[in-house]
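Chemist: Return atomic coordinates for the entry below.
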Amino acid sequence: MHELVFLSLLILTFIRIVGLGVSIDLFIESKHSRYKILALGWTLWVIAGIIPIFSDNLIDINFSDILLVLNSIFIVIGFLLITIGIISHFREIREVVFIALTCFIVLPPILLYIINGSNPARGFSSLGFLSVAVLIIYSAWLDRKNLRIVLGSSIRWFFGTILFGLLYLINGALTIVEGYSFGLYQSNNEFMIVRYYFFAIGITLLITILIIHLEQSISYLHKFQLRDIYSHDLGNIMQIILNNLEVIDSIDEKNQPNADLIKTKCIEAGELIKEIRES
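Modeler: Just a heads-up that it's a prediction; the model follows:
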């Protein structure tokens, strides 16, 4: 394994560990299942980063080939899980779709490995990765109007990640055309290694940043919606109280202190509503 590949794998694995930590932290805070999906995806990516380093030191070539096939499968499934975790913020992914995509990712490479060895299997995984990425980008394009509402200020990070992802896909397609698959683990072409891992590290870092910004935007949107609902409902309640104060006054003068107190509290509540709306 070339030194540049080894160093790039270490950087990739570190970023993936950071992404895993962010997902676990978000799950602890919110308990939402989407963060378990994200955490599982990052875990597979972390394992995928370690496998090539481990397999490079094995004497048994057959076992090493099996590990590299698993590495390519883990990369694609991890990518699928992470993108599903992100997309689930604004669109529900049906279970049958996930199962179909998983079968498409896992079964053909295993069959190709049994029939023709590891290179065709890893090559298919590269094509599978590109196919899943194109499908996700197309899905995001169809939901672009809803995305603008849900993503808020993080929309620029989302489309920035999509744009860089397209460049990553173009680079991946060029890599396949040149006869390579995931990782360039046996390549000694330094230019290709730098080009490949520049995009791999860049897209991984952008996905991590996007997840953080996306969570902030979703939290702000929920806060805004709750603020609007509560201030609106509280205003309606105050209006009903004020409308019935005359009835209280007309019944008995003894109720006047209570009526004055209600008016005072309504004024205080009005100031509170103003503060809520301006916050």
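Chemist: quick one: buried residues of stretch 44-56?
Modeler: 44-49, 51-52, 55-56 (16 or more other Cβ atoms under 10 Å). For the C-beta atoms, the positions are set from N, CA and C on the backbone; glycine is no exception.
Chemist: Put the alpha carbons of it into CSV.
Modeler: Extracted C-alpha coordinates of stretch 44-56, given in CSV (Å, rounded to 0.1, in the frame of the first residue of the first chain):
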residue,chain,number,x,y,z
LEU,A,44,-19.6,0.9,8.7
TRP,A,45,-17.5,3.7,7.2
VAL,A,46,-15.1,3.6,10.1
ILE,A,47,-14.8,-0.2,9.7
ALA,A,48,-14.3,0.3,6.0
GLY,A,49,-11.4,2.6,6.6
ILE,A,50,-9.7,0.1,8.9
ILE,A,51,-10.1,-3.0,6.7
PRO,A,52,-7.7,-2.0,3.9
ILE,A,53,-4.9,-1.2,6.4
PHE,A,54,-5.5,-4.5,8.1
SER,A,55,-5.8,-6.6,4.9
ASP,A,56,-2.5,-5.0,3.5
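Chemist: Among the buried residues of stretch 44-56, which lie within helices?
Modeler: Judged by DSSP state H, the buried residues of stretch 44-56 include 44-49, 51-52, 55 as members of helices.
Chemist: Helix, strand, or coil at residue 59?
Modeler: coil (DSSP: H, G, I helix; E, B strand; the rest coil).
Chemist: residues near it, how many?
Modeler: Neighbours of residue 59 under the rule other Cβ atoms under 10 Å: 6.
Chemist: hang on, the earlier thing: which one of the ones in helices among the buried residues of stretch 44-56 sits closest to residue 175?
Modeler: residue 52 (15.4 Å; Cβ to Cβ).
Chemist: Please verify my assumption that that closest one contacts residue 71.
Modeler: Yes - counting by Cβ atoms under 8 Å, residue 71 is a contact partner of residue 52 at 5.9 Å.
Chemist: Please identify every residue contacting each of these two.
Modeler: Listed as contacting both residue 52 and residue 71 by Cβ atoms under 8 Å, 6 or more residues apart in numbering are residue 183.
Chemist: residues contacting residue 193?
Modeler: Residue 193 touches 2, 4-5, 8, 184, 187, counting by Cβ under 8 Å, 6+ apart.
Chemist: Okay, and it sits in which element?
Modeler: helix 190-243 (DSSP states H and E).
Chemist: Appreciated, that's everything.
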